[in-house]
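In: got a sequence here, can you model it:
(chains A and B)
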Amino acid sequence: MAERSPATRRTLWLVLSLVFAFLYIPIAVLVALSFNEGGLPTAWSGFSLKWYVSLAGNSAILSAALNTLIVALVSTAIATLLGTLLAIGVEMRRHHGKGLEALIFAPMIIPDIVLAIALLSFFSMLNLTMGLHTIILAHVVFNLAFVCSVVRARLKSFDWSIVEASTDLGASAVTTFRRVTLPVILPAVIAGALLAFTLSVDEFIIAFFTAGAGRASTTLPMQIYAMIRFGITPEINALATIVMAVSITALTLSQQLNRGMTGQ
Amino acid sequence: MAPALVWLTALMVVPCALVLALAFFRRGIYGGIEYTFTLENFGLVFDPLYAGIFLKSARIAGTATLIAVVIGYAAAYAISAAPCRLQPVLLFFAVLPFWSNYLIRTYAWIVLLNREGLITQLLRWFGYTGEPPSMLYTEGAVIAGLVYNYLPFVILACYAPLSRLNPELAEASRDLGASAITTFRRVILPLTVPGIAAGAVFVFVLSIGNFVTPALLGGGRFQMIGNLVYDQFLTANDWPFGAALAMMLIAIMLLVLMAQALAADRASGRAIEASGGADG
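Out: Residues are numbered from 1 along each chain as shown, chains lettered A, B, ... in the order given. Model prediction:
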């Protein structure tokens, strides 16, 4: 496609510049404001880290961040284990029904609000006291589906005959998994785990509905939502910048792992 | 794989089945649930007030989808026309914002659009002295937020078929005398329909059930289906009606997915025709 006229090429670059401006200006403004002494978009009054400092002293935000970390770590651990096993199970037997595919695919496309109210109804019908544990139960649902899909993508090109060879040579199922299957899929498992972690850190609606009453189990997105509804405060800009930096780092890492893998 | 399937069944299938069942019960006088079978809740969905909210949600989601697809396709096309070694980098940066927190991306638009926000500042800087324009808490703000949040996915979905496109097809079409526009309309566009369909379905499904964007950018009284469901469960305390609304949402989603599968089927049929034609 090299023989485009200079005019066409200029138009295409213009399109790209506009789209990138649209995508990045809102975020850039937020990040810039987080370093603005005055904290308001009205005027730049000098570089300052004071909003980050005041963030560090905000106990509501700190406890919400801790809750989010607990939920994300525990749900990621469970989801990574279950999702990986599910992926291996599904890929090992080539023939499986459409129902199974739908069941695995559903958590990724079901509207958040529907899963949120479904779990709320379910938990309250069971008279379960809701808190961090119910958020974790809920987050594992979609996290395991995402881990499973990442690991399955890797297993598509997996040569199952080496598993057979390993068992034929007398290795137990556990040894085979540990020494043969796992090393091959490990990058995908880690990539899936990082994806799950990020999704869990960012997830708002399902956590909001399954957290129960009281502030004890408020997660960071719930805290951010409450702050945003209240209005613009410079602290959110700082918080937003940190949260963005964390999730973008985790996902870039996840993507690199995936790419390094397919490059091999 | 059994534990995962048990988990999905217990915490997704059963709760969703419960919501479906809930939709056929009656709301108790004091807000609880009365276990008598009724179709009232689904009747209420078609009440002009609520049907209006459905239509409005569909209109907003449809507009957002259209805009996102046009911008996203143009961006994907431009990326696929860039030098090969630049393409992965451009694509990476096009998708990067998608990986940051949804609430924060939406909040960024409050900062831009509010009365003393950046856009008002810019207008003032250009010499505008009148009242600050009210852009936040409008339908337009909601649409802008939806487009902004889901655009990266559309770019990704449209880029996939565009990058796989055989450049010889377009060349052949041009050599045979077709104009650039005809080549695009008759050769390139049909071959990239699956990407467009995937992107469009994604934006539409996520937009029509969206709760956060209308709540934050549309203001307190702005309602789409997602907000209506939220209200039934957390403020109005009419769970059966909320359940019926949620089920309608699922029904719409399934319809859209079926339409996509159909479009993809047709497109793949046409693609075979087109590539067969190029070989001969």
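In: need the contact list for the spatially most central residue of chain B.
Out: What sits nearest the mean C-alpha location of chain B, by CA atoms, centre = their mean, is residue B:203, with 1.7 Å. Residue B:203 is in contact with B:61, B:64-65, B:68-69, B:146-147, B:150, B:153-154, counting by CB atoms under 8 Å, 6 or more residues apart in numbering or on different chains. Bear in mind the C-beta positions are built from the backbone N, C-alpha and C, glycine included.
In: next secondary structure after the longest helix seen in chain A?
Out: In chain A, taking DSSP state H as the definition, the longest helix is helix A:59-92. Remark: after helix A:59-92, the chain's next helix or strand is helix A:98-109, criterion DSSP states H and E.
In: pretty sure residue B:97 contacts residue A:20?
Out: No - counting by CB atoms under 8 Å, residue B:97 stays clear of residue A:20, with 9.8 Å between them.
In: who has more neighbours, these two?
Out: Remark: of residue B:97 and residue A:20, residue B:97 carries more neighbours, 21 against 15, as counted by other CB atoms under 10 Å in any protein chain shown.
In: show me what contacts the more buried one?
Out: By CB under 8 Å, 6+ apart, the residues touching residue B:97 are A:23-24, A:27, B:105, B:152.
In: how about a cut-off of 10 Å?
Out: Going by CB atoms under 10 Å, 6 or more residues apart in numbering or on different chains, residue B:97 touches A:20, A:22-24, A:26-27, A:244, A:248, B:105, B:108, B:148-149, B:151-152.
In: report the buried members of these.
Out: Neighbour counting by 16 or more other CB atoms under 10 Å in any protein chain shown classes A:22-23, A:26-27, A:244, A:248, B:105, B:108, B:148-149, B:151-152 among those as buried.
In: ok, those vs residue B:56, which is closest?
Out: Nearest to residue B:56, judged by CB to CB, of the buried ones among the contacts of residue B:97 is residue B:149 at 18.9 Å.
In: can you list the residues of the stretch 151-264 of chain A near chain B?
Out: For the stretch 151-264 of chain A, the residues in contact with chain B (CB under 10 Å from any CB of the partner chain) are A:195, A:198-199, A:201-205, A:208-209, A:220-222, A:224-225, A:227-229, A:231-232, A:236-237, A:239-241, A:243-252, A:254-255, A:259.
In: using CSV, list the CA coordinates for the helix or strand hosting residue A:150.
Out: Secondary structure assignment for residue A:150, by DSSP H and E: helix A:132-155. Provided in CSV are the C-alpha atoms of helix A:132-155 (Å, rounded to 0.1, in the frame of the first residue of the first chain):
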residue,chain,number,x,y,z
LEU,A,132,-15.1,-8.1,51.2
HIS,A,133,-15.6,-11.9,51.0
THR,A,134,-18.7,-11.5,48.8
ILE,A,135,-16.9,-9.0,46.6
ILE,A,136,-14.2,-11.6,46.2
LEU,A,137,-16.7,-14.4,45.4
ALA,A,138,-18.2,-12.1,42.7
HIS,A,139,-14.9,-11.0,41.2
VAL,A,140,-13.6,-14.5,40.7
VAL,A,141,-16.6,-15.1,38.4
PHE,A,142,-15.4,-12.7,35.6
ASN,A,143,-11.7,-13.0,36.5
LEU,A,144,-11.6,-16.7,36.0
ALA,A,145,-13.3,-16.3,32.6
PHE,A,146,-10.6,-13.8,31.5
VAL,A,147,-7.7,-16.0,32.8
CYS,A,148,-9.2,-19.0,31.1
SER,A,149,-9.4,-17.2,27.7
VAL,A,150,-5.8,-15.9,27.9
VAL,A,151,-4.5,-19.4,28.8
ARG,A,152,-6.7,-21.1,26.2
ALA,A,153,-5.2,-18.9,23.5
ARG,A,154,-1.7,-20.2,24.5
LEU,A,155,-2.9,-23.8,24.6
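In: okay, helices next: where are they in chain A?
Out: Using DSSP H, helices in chain A cover A:6-34, A:50-56, A:59-92, A:98-109, A:112-125, A:132-155, A:161-168, A:173-176, A:182-202, A:205-210, A:220-230, A:234-263.
In: same list, those, but as TSV with mean pLDDT please.
Out: Below are those laid out as TSV (pLDDT from 0 to 100):
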stretch	mean pLDDT
helix A:6-34	92
helix A:50-56	90
helix A:59-92	94
helix A:98-109	87
helix A:112-125	94
helix A:132-155	94
helix A:161-168	89
helix A:173-176	88
helix A:182-202	92
helix A:205-210	95
helix A:220-230	90
helix A:234-263	80
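In: how close does the closest residue to residue B:268 other than its chain neighbours sit to chain A?
Out: The spatial neighbour of residue B:268 that comes closest, neighbours along the chain excluded (CB to CB, 6 or more residues apart in numbering or on different chains), is residue B:194 at 7.1 Å. Residue B:194 sits 17 Å away from chain A, going by CB to the nearest CB, to the nearest Å.
In: and residue B:118, by the same measure?
Out: Look at residue B:118 and chain A: by CB to the nearest CB, they are 5 Å apart.
In: and residue B:165, by the same measure?
Out: 9 Å.
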